[in-house]
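Asker: sequence plus the predicted model coming up.
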Amino acid sequence: MRHILLTIMLLAVLAAAHPPVEPADPQDWWNQVLASHAIKAAEEPPPPSEEDVTYHTTDYRISLTLDPGGSPLIIDATTDLQIESDQDGLTEVVLDLVDLTVDNVFDDHTPCGYTYSGGLLTVTLNDPLDTGEGTIISVSYHGDPTDGMWYETDNGGVVYTCGCPFASRNWFPCRDWNFEKAPSTTVVTIDTAYDVTSNGHLFSDGPVGGGRHRVIFQSRDPIAPTSSCSRPRTIPNTVTGSTATRTSP
């Protein structure tokens, strides 16, 4: 029987092989994590002002194929962003994306121009959008995240994410600010030895061949990319903190 605990903008991919190993002082460990992210937040530029907001995201679909322990960790991925213009004549959409390789970008299922530099992916729309008009931006990419997503070998192996305060941009393209809230779908393809938990509710979990399964979670409540957080621990067939796993056969 599988038990799952869902949290806000959470992705945790887990394999259970050994009982968990608790740090000497879990609260002290967590305080150190929060302190490091607080320092990072202080170094970030301020968010855009209201007059600089040219569009907003209305839905995310984040599809990841992961290879825990391999390189790259993200074998391939595609994030689809439904966006809506907040001004007339919108010609560019700027997304945050750091240290990943962009393979291609589509606007409304058609290839489009883009530039990628300094942690910003600037997408040139095929056709300008006026206020209230929308499109779907699809970004395909791969690589090893330098922040926001990690693989740990403890407890049989775990991939986990922590997007606070501005690290979601290290594993999927987004406008990585806490005011940018939208529903989301998370799709993870991974070895069948790994369980997956995420925000929202479990929509499906089925085999896709090659010893892998594909797990889909949907969250209809708008949430911000910066709310991404998780704890790297696993316990077979039980729930603890914000993650859950199953015992591998």
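Answerer: Cool, got the structure.

Asker: pLDDT of stretch 95-102, averaged?
Answerer: On average, the pLDDT along stretch 95-102 is 95.

Asker: quick one: residues in contact with it.
Answerer: 74, 81, 114, 116, 119-123, 137, 139-147, 166, 169-176 (C-beta atoms under 8 Å, 6 or more residues apart in numbering). C-beta coordinates here come from the backbone N, C-alpha and C atoms, glycine included.

Asker: so where's the chain shaky on pLDDT?
Answerer: 1-51, 155, 226-249 (pLDDT under 70).

Asker: which stretch of helix or strand covers the closest residue in space to residue 215 that isn't next to it in sequence?
Answerer: The shortest distance from residue 215 to any non-neighbouring residue, by C-beta to C-beta, 6 or more residues apart in numbering, is to residue 196 (4.0 Å). According to DSSP states H and E, residue 196 maps onto strand 195-198.

Asker: next SSE downstream of that strand?
Answerer: Toward the C-terminus, strand 195-198 is succeeded by strand 201-209 as the next helix or strand (DSSP H and E).

Asker: what's that following strand packed up against?
Answerer: strand 212-223 (3 or more C-beta pairs under 8 Å, 6 or more residues apart in numbering; DSSP states H and E).

Asker: list the buried residues of the strand it packs on.
Answerer: 212-219, 223 (16 or more other C-beta atoms under 10 Å).

Asker: just the CA trace of that strand, in PDB.
Answerer: The C-alpha trace of strand 212-223 is given here as PDB (Å, rounded to 0.1, in the frame of the first residue of the first chain):
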ATOM      1  CA  ARG A 212      10.800   3.000 -16.100                       C
ATOM      2  CA  HIS A 213       7.500   4.400 -15.000                       C
ATOM      3  CA  ARG A 214       5.900   7.700 -15.500                       C
ATOM      4  CA  VAL A 215       4.200   9.500 -12.600                       C
ATOM      5  CA  ILE A 216       1.900  12.500 -13.100                       C
ATOM      6  CA  PHE A 217       0.800  14.900 -10.300                       C
ATOM      7  CA  GLN A 218      -1.600  17.700 -10.800                       C
ATOM      8  CA  SER A 219      -2.100  20.800  -8.600                       C
ATOM      9  CA  ARG A 220      -5.000  23.000  -9.500                       C
ATOM     10  CA  ASP A 221      -4.300  25.500  -6.800                       C
ATOM     11  CA  PRO A 222      -2.100  28.400  -7.900                       C
ATOM     12  CA  ILE A 223       1.400  28.200  -6.300                       C
END
